[in-house]
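# Predicted model, plus sequence, below.
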Amino acid sequence: MAAYDVIVIGGGLGGLTAAGLVARAGCKTLLIERNHAVGGAAWNYKAGNLVVEAFHLTSDPRDPIDPKHRILNRLGVLDDLDWVPTGAVYEVRGGPVGEPFVLPVGFAQARSALVKRFPSSAAGIGSVLADMERIATGLGTLSKGCQAFHNPVEGLLALARLGPVVRGWRLSVAERFDRGFGDDEAVKCALAASLGYFHDDPANLSWIFYAVGQGEVLSSGGRYVRGGSQCLSNALAGALKSAGGEVLLGRAVTEITIDGAGRPSGIVHERLEGGERVEVRAPVVICNAAPAIVANMLPRLARDRFWVPYATRPLSISAFSATFGLSTRPAELGMKNYITFLLPKWMTRLTDYRRFGELMAGMPGEAAPAMAIVDYSAIDSGLGGPPYPVTVAGVDRTENWSGLDGAAYDAKRDQWCEAILGCIDCEFPGFAAKVVASEFNTACTMSTHLNAPGGAIYGFAPLPPSGPIWRGFERSPKTTIPGLYLASAYAFSGAFTGAIMAGAAAADQVLAGRTTLARL
């Protein structure tokens, strides 16, 4: 029976990060992935000659304040990838915003553009952006851990910036925006057009969580990995292998075995298609998976103990993703930016966002959802063309597609694909006529590919904290089972930055435990 120091279940960004770091620290490491390629949400594939990409952008990891900077450097992959600037943060059209508004990179530039467009909210714009900047830069600096204080002045300045964190600890985005902007819904939607990248309800989205994510992109600008997000996943897998780690694809873990002391003793895996069961030994197991999936791998007594902290936590949103391949560059049809957020005409308030996830429960009608339109040909993406891929994404839920047989599911999906295409064509005339290929993925696709209950793409919902600030966000890679860790969005936060940070936190806790045992 094969034996390892650490087994990592799941080859998404969190699992790849955790596996690479423990392997580079000298641990004999095995990563097992149920799909036939690593990546999880960071993957792209071809449907015919159309490139389908799930990843849109992340904040610039080359910025020393960015939380990914130190982690990717530790793994030796930061400079191996081409991080392409994506230009303006985004353009937003429709809804209360009306005519197109472009949010530029840089807090000073963003402040100037917002004040110019919404002069009556100048004071609120200054206040909200100042808080966002201090939160993003302060927490970004402190994410370096002890290294932040190698330069004492930098570390102390980071602490000094955290006043807005204390004041806004329990606030939602809706509450903070109401304080800053009153009833000016246009400026709220202009600054939070990307809300669907975080959550679907500003009244239940943590202001601190949002300020960090939006602030990182505002500060350094967005970046896209040239060639596709699969390049990042492959680079992380390469870092693991170069450190002596092993990657096993197309195998599903069915059991996590527990010893008499209540700690992991190994795992059992088998081919997805069924077949031989293989047992592998290890005293540490790191799971890049949803807690509900992990719970089903555990024996009953351990399962009950493991599941208690997660039982009542609501899941994040899911999403639909339509990819259209165009015979011509979208710029020729009037698209001027890498990301355009299209808000529907019926939307009058930022809080209307909470309705978007329910729209696909029925067939397309007059009410269209908000959508992000991503034109990969607007940058040097490396995805080629023609056909030139354009991704359209928005909030979705798996229950919108439940109870349908295969034919009904396909018919409903096709109708929504046509309806979304029609919305884009109204804003950019001629778009539909240039589409030569398309691919539509629903929340159910996300659930199946990511093995994620409810299709949750960001782990647990990023709700405002209910406890005091010293408790933090009450998420941790540690579980109630000693030696069993989470390295997924459920242990930290969603999106690329959150997943990578969760993987690094899990690896650091594993390595700290090994150091303690060695000293004893």
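Ah, there it is.
# what sits against A243?
G20, A23, R24, T29 (CB atoms under 8 Å, 6 or more residues apart in numbering). (C-beta placed from N, C-alpha, C; glycine too.)
# Setting aside sequence neighbours, what's the nearest residue to the third one?
Residue nearest to R24 in three dimensions, not counting chain neighbours: A243, with 4.4 Å by CB to CB, 6 or more residues apart in numbering.
# Give me the distance between the one you found and S321.
33 Å (CB to CB, to the nearest Å).
# And L114, by the same measure?
29 Å.
# what about G365, neighbour count?
Using other CB atoms under 10 Å, G365 has 8 other residues around it.
# Offset the numbering so it begins at 46, please.
Will do, 46 is the new start, and the previous item becomes G410.
# Helix or strand: which one has it?
For G410, there is no helix or strand it lies in under DSSP states H and E.
# repeat for G258
Judged by DSSP H and E, G258 forms part of helix 252-265.
# Name the residues of that helix that come out as buried.
252-265 (16 or more other CB atoms under 10 Å).
# For the contacts of A288, work out which two are farthest apart.
R69 and T74 (9.2 Å; CB to CB).
# which regions of the stretch 146-295 of the chain lie under the pLDDT threshold?
184-211 (pLDDT under 70).
# Mind jotting down where the strands sit in it?
Using DSSP state E, counting those that start in this stretch, the strands of the stretch 146-295 of the chain run over 267-270, 291-294.
# can the ones you listed go into JSON lines with extra columns for distance to P513 and mean neighbour count?
Converted to JSON lines, these look like this (distance: least, CB to CB, whole Å; neighbours: other CB atoms under 10 Å):
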{"stretch": "strand 267-270", "distance to P513": "34", "mean neighbour count": "24"}
{"stretch": "strand 291-294", "distance to P513": "42", "mean neighbour count": "16"}
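# May I see those organised as JSON lines, with distance to Y454 added?
Output for the strands of the stretch 146-295 of the chain, formatted as JSON lines (distance: least, CB to CB, whole Å):
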{"stretch": "strand 267-270", "distance to Y454": "31"}
{"stretch": "strand 291-294", "distance to Y454": "28"}
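# can you tell which of these is closest to L126?
strand 267-270 (5.5 Å).
# Report pLDDT for G539.
Per-residue pLDDT puts G539 at 78.
# Which strand or helix spans F386?
strand 384-388.
# Paired strands for that strand, with orientation please.
strand 135-139 (parallel), strand 416-420 (antiparallel) (DSSP bridges).
# which residues touch G241?
Contacts of G241 (CB under 8 Å, 6+ apart): I362, A364, Y398, F401, A415, A417, A438, G439, V440.
# Among those residues, which one sits closest to L556?
I362 (33.2 Å).
# Now do the SS call for the closest residue to E411 other than its chain neighbours.
Closest residue to E411 apart from its sequence neighbours, by CB to CB, 6+ apart: W391 at 7.5 Å. When classified by DSSP: H, G, I helix; E, B strand; the rest coil, W391 comes out as coil.
# isn't W391 right next to A412, touching?
Yes. Using CB atoms under 8 Å, W391 is in contact with A412, at 5.7 Å.
# Read off the pLDDT value for R564.
In this model, R564 is scored at 39, pLDDT.
# circling back to that earlier point, gap between the residue nearest to E411 and S239?
For W391, the distance to S239 - CB to CB - is 20 Å.
# go on, L508?
18 Å.
# okay, these two: which has more neighbours?
Counted by other CB under 10 Å, L508 and S239 do not tie: S239 has more neighbours, with 21 against 17.
# How many residues are close by the residue lying closest to R268 once chain neighbours are set aside?
Closest residue in space to R268, ignoring its immediate chain neighbours: W128 at 4.2 Å, by CB to CB, 6+ apart. Neighbourhood size, W128 [other CB under 10 Å]: 21.
# Output the contacting helices and strands for the one helix or strand R119 maps to.
Per DSSP H and E: R119 is located in helix 112-120. Packing partners of helix 112-120 (3 or more CB pairs under 8 Å, 6 or more residues apart in numbering; DSSP states H and E): helix 58-69, helix 540-564.
# mind putting these in JSON lines, distance to L148 included?
JSON lines is the format used below for the helices and strands packed on helix 112-120 (distance: least, CB to CB, whole Å):
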{"stretch": "helix 58-69", "distance to L148": "26"}
{"stretch": "helix 540-564", "distance to L148": "18"}
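# and these, which is most packed in?
Among the helices and strands packed on helix 112-120, helix 58-69 has the highest mean neighbour count (mean count of other CB atoms under 10 Å), at a mean of 31.
# starting at the chain centroid, how far to that helix?
Averaging C-alpha positions (CA atoms, centre = their mean, to the nearest Å) puts helix 58-69 18 Å from its chain's average.
# Pick the most buried one from the strands paired with strand 384-388.
With neighbours defined by mean count of other CB under 10 Å, none of the strands paired with strand 384-388 is more surrounded on average than strand 416-420, at a mean of 25.
# So what's the residue count around the closest residue to E261 other than its chain neighbours?
Counting by CB to CB, 6+ apart, E261 lies nearest to S104, which is 3.7 Å off, once chain neighbours are set aside. S104 has 29 neighbours, counted by other CB under 10 Å.
# Just to check, S104 is in contact with Y269?
No. At 11.4 Å, S104 does not count as touching Y269 under the criterion of CB under 8 Å.
# can you list the domains in this protein?
51-90+110-121+273-358+511-564, 151-263 (automatic domain parsing).
# Tabulate those domains (CSV), appending distance to Q460.
Formatted as CSV, those follow (distance: least, CB to CB, whole Å):
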stretch, distance to Q460
domain 51-90+110-121+273-358+511-564, 24
domain 151-263, 21
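# for those domains, which one sits closest to L428?
That would be domain 51-90+110-121+273-358+511-564 among the domains of the chain, by CB to CB, at 6.4 Å.
# Could you measure from the closest residue to L61 other than its chain neighbours over to L58?
Closest residue to L61 apart from its sequence neighbours, by CB to CB, 6+ apart: L281 at 3.8 Å. The gap separating L281 from L58 is 7 Å, by CB to CB.
# what are the ranges of the strands in the stretch 296-445 of the chain?
296-303, 309-316, 322-326, 329-332, 363-371, 384-388, 416-420, 433-441.
# Now tabulate these in a markdown table and tack on mean pLDDT and distance to I52.
Output for those, formatted as a markdown table (pLDDT from 0 to 100; distance: least, CB to CB, whole Å):
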| stretch | mean pLDDT | distance to I52 |
| --- | --- | --- |
| strand 296-303 | 96 | 8 |
| strand 309-316 | 96 | 6 |
| strand 322-326 | 96 | 6 |
| strand 329-332 | 98 | 5 |
| strand 363-371 | 96 | 28 |
| strand 384-388 | 98 | 38 |
| strand 416-420 | 97 | 36 |
| strand 433-441 | 97 | 33 |
